[in-house]
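In: Next come a sequence and a model predicted from it.
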Amino acid sequence: MENINNICKQVFGNVTGALACALVNLENGEVRGVYHETPYFDQAYIDLVSAAAFNMFAGENIRHIEERLARQRGHSSLERTIQEGFMTTTRTFHFMARIPQVDSVVVLVTKRDTLQGAGWAQVRKAIPLFVEALA
């Protein structure tokens, strides 16, 4: 997990306005690695954000939608269709990208003045690093 934390730290350090970066396991919603410098981002908060990311990419409702799509398309196996997500709050951006090779999602939380292109570039650049670290 140390290497995953280092990759999260690298993403964090390369994005102006970054608040946190984490890798969330899509099998169970657990945090695989995280980095932040915000004192009030305690473990309970990190777990809540991880659970939210899990639900957006692999939660029960998403699974039902994907199962229905598979049936309608005549596919025998379930395919995870959600690839990326972007969410805004009044003060933050959340960049999220699924990493199918390791069944995880990387989540980058930034301030709202962060350039969106910079956030996406760093998230996408980190994907092969996470894959290599978990191979």
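Out: Nice, I can see it. Residues are numbered from 1 along each chain as shown.
In: now the worst-scoring helix or strand of the chain on mean pLDDT, how far from the centre of its chain.
Out: Sorting the helices and strands of the chain by mean pLDDT, DSSP states H and E puts helix 60-72 at the bottom, at a mean of 84. Put simply, helix 60-72 sits 21 Å off its chain's centre (C-alpha atoms, centre = their mean, to the nearest Å).
In: Does Val34 touch Ala22 like I think?
Out: Yes. Using C-beta atoms under 8 Å, Val34 makes contact with Ala22 at a distance of 4.1 Å. C-betas here are computed from N, CA, C, even on glycine.
In: can you list residues touching both of the two?
Out: Counting by C-beta atoms under 8 Å, 6 or more residues apart in numbering, the shared contacts of Val34 and Ala22 are Cys8, Ile46.
In: the more surrounded of these two?
Out: Ala22 (27 against 22; other C-beta atoms under 10 Å).
In: What residues are bridge-paired with the more buried one?
Out: Val34, Val107 (DSSP bridges).
In: need the contact list for it.
Out: Cys8, Val31, Arg32, Gly33, Val34, Tyr35, Ile46, Val49, Ser50, Ala53, Val106, Val107.
In: Distance-wise, check it relative to Gly74.
Out: From Ala22 across to Gly74, the span is 37 Å (C-beta to C-beta, to the nearest Å).
In: returning to what we had before: show me what the least confident helix or strand of the chain is packed up against.
Out: For helix 60-72, the packing partners by 3 or more C-beta pairs under 8 Å, 6 or more residues apart in numbering; DSSP states H and E come out as helix 43-58.
In: can you pull the buried residues of the helix it packs on?
Out: For helix 43-58, burial by neighbour count (16 or more other C-beta atoms under 10 Å) applies to Ile46, Val49, Ser50, Ala52, Ala53, Phe54, Met56, Phe57, Ala58.
In: swap in stretch 61-72?
Out: Neighbour-count burial for stretch 61-72 [16+ other C-beta under 10 Å]: Ile62, Glu66.
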